[in-house]
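J.: quick one, what's the 3D model for this:
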Amino acid sequence: MNLVNSFRSEWILLNRRRLWAGMGITTVVFSVVATWLLLEAAEPAGRGGNGPRVPLEALGGSGGATAAIISSMSFATVLVVASFAAAMGNEISRGTLRAALTRQPSRLSLIAGKLTARVSLAAVLMAVALIVGAVTAVVVAPTVDVGTDGWFGADAIGSGLADYGRLLVFVSMYALIGTTVAILVKSTPIALGICLLWFGPIENVLGEGRDWAQRWFPGLVMRSLVQPDAPDALSLGVTLTTLALYAVVCGGVIAFVMSRQDVTAG
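T.: All right, here's what the predicted structure looks like:
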């Protein structure tokens, strides 16, 4: 019940009209613009540069309506991990986590409930992004000579649900990593610096053209979730197995730090 109570308390804080309005508008605008740009820039597989892109071949199947919006999530990786790192870092540095522990002494349940509530909010926004992206793709596709024959029907719905599942794993892992870093360093600026530097220039520069980095760097592994048609993408099985390993490591780090150190110190 401690975890449930923690979830409810955090959800009450998150369930504010102004927050929903701001994040909802941002999600809609991002989904429309990103989908539009990626559809216009789509080229046959093997052509084009690095970065988020959608091969024309991926747009022709049942998952074509959501292929662009899924791929566009690579643009938002730093924002996602930074948001979760900042949320937990601020609670530690401002003393709100300490206050919460006076009412609920179970540290792990408290963190798990808060993280679950935040991921639930992100899950709603991801559903909105997927729907808006799919609608935008249907509208834009005829203007860029992209066929939509396979975008409707049961197979398309199945592909859309599978893409939503990829998004949930993608966001959940970044949420877990961001939270872990914040709890480990106990400083919002330092946590943000680590996340921004690693998932920004460091990981991409070090991982460029290196197979071992594509296999093990967390951000590059998660890129395979949202860009499954990329030439260097890992298989879904390998991706999920690797991310499960990282989830266990993050969970162990959180458990150790929360149980052995005074993370509530200001």
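
J.: helix, strand or coil for Asp149?
T.: The three-state label for Asp149, taken from DSSP: H, G, I helix; E, B strand; the rest coil, comes out as coil.

J.: quick one, what contacts it?
T.: Residues in contact with Asp149, defined by CB atoms under 8 Å, 6 or more residues apart in numbering, are Gly60. To be clear about C-beta, it is placed using only N, CA and C from the backbone, and glycine gets the same treatment.

J.: run the last query once more with 10 Å
T.: Residues in contact with Asp149, defined by CB atoms under 10 Å, 6 or more residues apart in numbering, are 60-62, 64.

J.: now distance to Ile202, pLDDT and secondary structure too, for the residues you listed, in JSON lines please.
T.: What follows is the contacts of Asp149, written out as JSON lines (distance: CB to CB, whole Å; pLDDT from 0 to 100; DSSP: H, G, I helix; E, B strand; the rest coil):
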{"residue": "Gly60", "distance to Ile202": "36", "pLDDT": "73", "secondary structure": "coil"}
{"residue": "Gly61", "distance to Ile202": "35", "pLDDT": "75", "secondary structure": "coil"}
{"residue": "Ser62", "distance to Ile202": "37", "pLDDT": "77", "secondary structure": "coil"}
{"residue": "Gly64", "distance to Ile202": "34", "pLDDT": "80", "secondary structure": "helix"}
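
J.: now for those, which pair is the farthest apart?
T.: Pairwise distances across the contacts of Asp149 peak at 9.3 Å for Gly60 and Ser62 (criterion: CB to CB).

J.: what average pLDDT does stretch 190-198 get?
T.: Looking at stretch 190-198 alone, the average pLDDT works out to 92.

J.: quick one: buried residues of that stretch?
T.: Of all the residues in stretch 190-198, those buried under the rule 16 or more other CB atoms under 10 Å are 191-192, 194-196, 198.

J.: which outside residues touch that stretch?
T.: For stretch 190-198, contacts defined as CB under 10 Å, 6+ apart pick out 77-86, 88-90, 92-93, 174, 177-185, 187, 202-204, 206, 217-219.

J.: weed out the non-buried ones from these.
T.: 77-78, 80-86, 88-89, 92-93, 174, 177-185, 203-204, 217-219.

J.: make TSV out of the contacts of Asp149 and add distance to Lys114.
T.: What follows is the contacts of Asp149, written out as TSV (distance: CB to CB, whole Å):
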residue	distance to Lys114
Gly60	42
Gly61	39
Ser62	37
Gly64	37
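
J.: follow-up on the earlier one: shared neighbours of Gly60 and Ser62, anything?
T.: 149-151.

J.: in TSV: those, plus distance to Ile70 and pLDDT.
T.: Output for the shared contacts of Gly60 and Ser62, formatted as TSV (distance: CB to CB, whole Å; pLDDT from 0 to 100):
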residue	distance to Ile70	pLDDT
Asp149	20	77
Gly150	16	76
Trp151	14	84
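
J.: now do the least confident helix or strand in the chain by mean pLDDT: which elements does it pack against?
T.: Lowest on mean pLDDT, DSSP states H and E among the helices and strands of the chain sits helix 56-59, with a mean of 72. With contacts taken as 3 or more CB pairs under 10 Å, 6 or more residues apart in numbering; DSSP states H and E, helix 56-59 sits against helix 17-40, helix 64-72.

J.: tell me which of those sits most buried.
T.: Mean neighbours per residue, mean count of other CB atoms under 10 Å, is largest over the helices and strands packed on helix 56-59 for helix 64-72, with a mean of 28.

J.: the following helix or strand past that helix - what's its average pLDDT?
T.: Helices and strands here follow DSSP states H and E; after helix 64-72, the next one along the chain is helix 77-94. Looking at helix 77-94 alone, the average pLDDT works out to 87.
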